[in-house]
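Q: dropping a prediction and its sequence here:
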Amino acid sequence: MRIDIMTLFPEMFSGVFCQSIIGRAVGRGLVDIRVHDFREYAHDKHHTVDDYPYGGGAGMVLKPEPLFESVEAVLENVEGQRVGPVNHRIVLLTPQGQPFTQGIARGLSTCDEVVLICGHYEGVDERVRQHLITNEISIGDYVLTGGELPAMVVTDAICRLIPGVLGASEAAADDSFSNGLLQFPQYTRPPMYRGWSVPEVLLSGNHAEIARWRKEESLKRTRERRPELLDKAQPCLDSEAVAGPIS
Ligand SMILES: C[S@@+](CC[C@H](N)C(=O)[O-])C[C@H]1O[C@@H](n2cnc3c(N)ncnc32)[C@H](O)[C@@H]1O
């Protein structure tokens with residue numbers, strides 16, 4: 001799988017994807033993450049990427065040309081490297097987008113290519129939304145200065161779901177949200193710390209009992225902290241449903 005990140009601040013990504021699990025996945029060729037400075041696609045000698053909003057008002061708006069042309073160049077490159085159609089998504093990070101979930105991450109992890117566009121200032125020219133992107137994602141109901149941190153969040157969540165990225169000991173199957181519930185409590189050694197003991201059942205070696213305890217704790221924790229998750233039907237998690245049709 002390949003992920004291309006379009007940004008005005010490529011230096012922000014240095015180091016982020018070289019560490020830990022994602023760094024290992026990149027090293028093993030399970031994911032190819034490329035960061036592009038779309039300022040290089042500006043048309044004038046000053047490399048202007050933003051301009052005043054029509055109609056007036058505060059702030060600057062990202063111009064359409066550098067975004068369209070940089071994304072088109074990336075897609076051309078991807079298509080040149082693959083035989084057959086490329087299952088791709090072009091995602092704009094925006095606080096106005098679909099709230100990001102594990103289901104959306106799972107859908108995106110099945111794509112061949114994901115382009116992530118990081119906005120800045122007041123955001124992007126509306127024609128980018130209307131005619132370039134396939135999906136809009138928000139990482140929460142708050143406003144950040146730019147789309148770089150959201151792009152890192154989305155990339156990390158996608159990458160750990162690519163088959164082979166997590167080892168057996170890190171498997172995602174038990175994670176919170178993977179089955180619609182929050183994960184059960186976890187303990188490790190020592191069995192007694194400052195008088196606080198590990199639940200007896202976890203030390204019993206009885207796998208059926210442990211599985212039952214975990215299921216109960218998972219339900220209890222979800223009921224206490226996120227009851228709305230229990231009300232929701234198991235979301236439809238296939239990529240078509242969560243990420244929209246392939247354009
Ligand atoms: C200051 S914000 C622009 C907000 C825009 N004026 C609005 O009210 O919707 C600049 C950029 O940061 C990114 N951004 C900010 N908050 C975000 C969030 N919660 N989720 C995803 N991207 C976000 C987007 O790429 C956005 O274009």
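A: Perfect, thanks for sending it.
Q: what about the residue nearest the centre of the chain, helix or strand, and which?
A: In the chain, the residue lying closest to the centroid (CA atoms, centre = their mean) is Val154, at 1.6 Å. Element membership for Val154, per DSSP states H and E: helix 148-159.
Q: other SSEs contacting that helix?
A: Helix 148-159 makes packing contacts with strand 2-7, helix 20-27, strand 88-99, helix 102-109, strand 113-118, strand 135-138 when contacts are defined by 3 or more CB pairs under 8 Å, 6 or more residues apart in numbering; DSSP states H and E. In this view, the C-beta of every residue, glycine as well, is placed from N, C-alpha and C.
Q: circling back: look up how far the ligand lies from the residue nearest to the centre of the chain.
A: Distance, Val154 to the ligand, by CB to the nearest ligand atom, to the nearest Å: 9 Å.
Q: quick one: residues contacting the residue nearest to Leu108 when sequence neighbours are not counted.
A: Leaving aside its chain neighbours, Leu108 sits nearest to Ile158 (4.9 Å; criterion: CB to CB, 6 or more residues apart in numbering). For Ile158, the contact set (CB atoms under 8 Å, 6 or more residues apart in numbering) comprises Met1, Ile3, Ala105, Leu108, Ser109, Val114.
Q: that older thread, which element follows the helix holding Val154 toward the C-terminus?
A: strand 192-193.
Q: for the residue in the chain positioned nearest to the ligand, grab the count of nearby residues.
A: As assessed by CB to the nearest ligand atom, the ligand sits closest to Gly119 within the chain, at 2.1 Å. Gly119 sits with 25 neighbouring residues when counted by other CB atoms under 10 Å.
Q: likewise for Met1?
A: A total of 20 residues lie near Met1 under the criterion other CB under 10 Å.
Q: same check, this time on Gly180
A: Using other CB under 10 Å, Gly180 has 18 other residues around it.
Q: likewise for the one 4 residues further on?
A: Each residue near Phe184 was counted by other CB under 10 Å, and the total is 20.
Q: look at it and report its pLDDT.
A: For Phe184, the pLDDT comes out at 97.
Q: tell me how far the residue nearest to the centre of the chain lies from Ser176.
A: From Val154 across to Ser176, the span is 17 Å (CB to CB, to the nearest Å).
Q: can you check Val114 too?
A: Val114 is 23 Å from Ser176, by CB to CB.
Q: show me how this protein divides into domains.
A: The chain resolves into domains spanning 2-167, 181-231 when parsed by automatic domain parsing.
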